[in-house]
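Q: Sharing a model that was predicted from the sequence below.
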Amino acid sequence: MARQLQTPLALFCLLLMIVMMTNGAKTGTISVYWGRNVSEGSLADACATGNYSIVNIAFLSTFGNGQHPMLNLTGHCDATANGCAGLSENITACQSQGIKVMLSIGGDGGTADHWEELAKTLSGYDKLRNNKKVYLTAAPGCYFPDPYLGEALNDVVFDYVWVKFYDDSRCEYEYNADNIKSYFTKWTTIPAHEIFVGLPAAEEAADSGYVGPSEVINEEFPDIELHEKYGGVMLWNRYYDELTGYSAAIKPYV
């Protein structure tokens, strides 16, 4: 009789262990940049796919030094003629689905000057918004530390940091999964809440650094997801993702 009870008891313990491990596993999300190609569809269209938890509007390219802030959305709307006001309805549609919409400031290149000051100023808005959360994000290059944003990322606590693991052979995939793993670990040392793996959604989306979905799923995720600060994947960008279906392919595994 005792022997008959051992098997069900052992099975119960095994199932309980599996449940505990599953509940304790950290899951990530997908963020994407939108606004760089008019053929990608509207912001609301991007959110309606259900593939993204965060959408970054790219870019607020003119700002600072007394300039009037100006969006550059590559044909989606003409900010110079107040033609981007309609975005507010799209933003509301996204937020109603629980999707965070971020405004990406800057774009490629630039300078290392004043980012720390800007980050500290923006982080202070949390205290001015009647308890509404203000999120602070950054997209540094994968080489650590980043020459432009290094000081800001060390001195200010960012919510999300999407590290661009492309366009830099020193830290991108290059058929070596350990490259991304090694530099991702370095990036987890900054005082940010979550670190994302930034990847091009197609080979044409970047000069170098493309990693296919199967390689990401099988070679990167198993180790990277173990980091406490792992947040998920950032894709560049919505246009290329729509062409390749990259986010749909990796979403179950992120």
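A: Happy to help now that I have it. Numbers count the residues shown, from 1 in each chain.
Q: Contact partners for residue 203?
A: By CB atoms under 8 Å, 6 or more residues apart in numbering, the residues touching residue 203 are residue 210. Just so you know, the C-beta spots here come from the backbone N, C-alpha and C atoms, and that holds for glycine as well.
Q: Tell me how far it lies from residue 67.
A: Using CB to CB, to the nearest Å, residue 203 is found at 36 Å from residue 67.
Q: how long is stretch 227-242 from one end to the other?
A: End-to-end distance for stretch 227-242: 29 Å, by CA to CA, to the nearest Å.
Q: how about the helices in this structure?
A: All helices of the chain, identified by DSSP state H, fall at 2-24, 43-48, 87-95, 115-123, 150-155, 177-187, 213-215, 221-224, 238-244, 246-250.
Q: quick one: low-confidence parts of the stretch 101-250 of the chain?
A: Counting by pLDDT under 70, the stretch 101-250 of the chain has low-confidence residues at 108, 110, 126-131.
Q: what about the strands in it?
A: Here the stretch 101-250 of the chain has its strands, by DSSP state E, counting those that start in this stretch, at 137-138, 160-164, 194-200, 230-236.
Q: who's in contact with the closest residue to residue 219 other than its chain neighbours?
A: Of all residues beyond its chain neighbours, the one nearest residue 219 is residue 177 (3.9 Å), with distances taken as CB to CB, 6 or more residues apart in numbering. Applying CB under 8 Å, 6+ apart, we find residue 177 in contact with 215, 219-220.
Q: Could you double-check that residue 202 sits in contact with residue 243?
A: Yes: assessed by CB atoms under 8 Å, residue 202 is found in contact with residue 243 at 6.0 Å.
Q: between the two, which one's more packed in?
A: In this view residue 202 and residue 243 are compared by other CB atoms under 10 Å, and residue 202 has more residues nearby, 18 against 15.
Q: Give me the spatial nearest neighbour of the more buried one, chain neighbours excluded.
A: Distances taken as CB to CB, 6+ apart put residue 240 closest to residue 202, at 3.9 Å, once the chain neighbours are dropped.
Q: Residue 31: how many residues sit nearby?
A: By the measure other CB under 10 Å, the count of residues near residue 31 is 25.
Q: now it: how far from residue 198?
A: Plainly put, residue 31 is 9 Å away from residue 198 if you go by CB to CB.
Q: shared neighbours, those two?
A: Between them, residue 31 and residue 198 share these contacting residues under CB under 8 Å, 6+ apart: 162, 233-235.
Q: What residues does the spatially closest residue to residue 29 that is not a sequence neighbour make contact with?
A: Distances taken as CB to CB, 6+ apart put residue 53 closest to residue 29, at 3.7 Å, once the chain neighbours are dropped. If you count contacts by CB under 8 Å, 6+ apart, residue 53 has them with 29-31, 98-100, 232.
Q: Please apply the same query to residue 63.
A: Contact partners of residue 63, counting by CB under 8 Å, 6+ apart, are 69-70, 105-106.
Q: Turn the buried ones among those into a named ChimeraX selection, would you?
A: Entered in ChimeraX, the line below selects the buried ones among the contacts of residue 63, by 16 or more other CB atoms under 10 Å:
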select :105,106
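Q: Can you tell me which of the contacts of residue 63 is closest to residue 151?
A: Compare each of the contacts of residue 63 with residue 151 using CB to CB and the shortest gap goes to residue 106, at 15.4 Å.
Q: quick one: the closest one from residue 73, how far?
A: 14 Å.
Q: ok, now residue 163?
A: Looking at residue 163 against residue 73, where the rule is CB to CB, the gap reads 24 Å.
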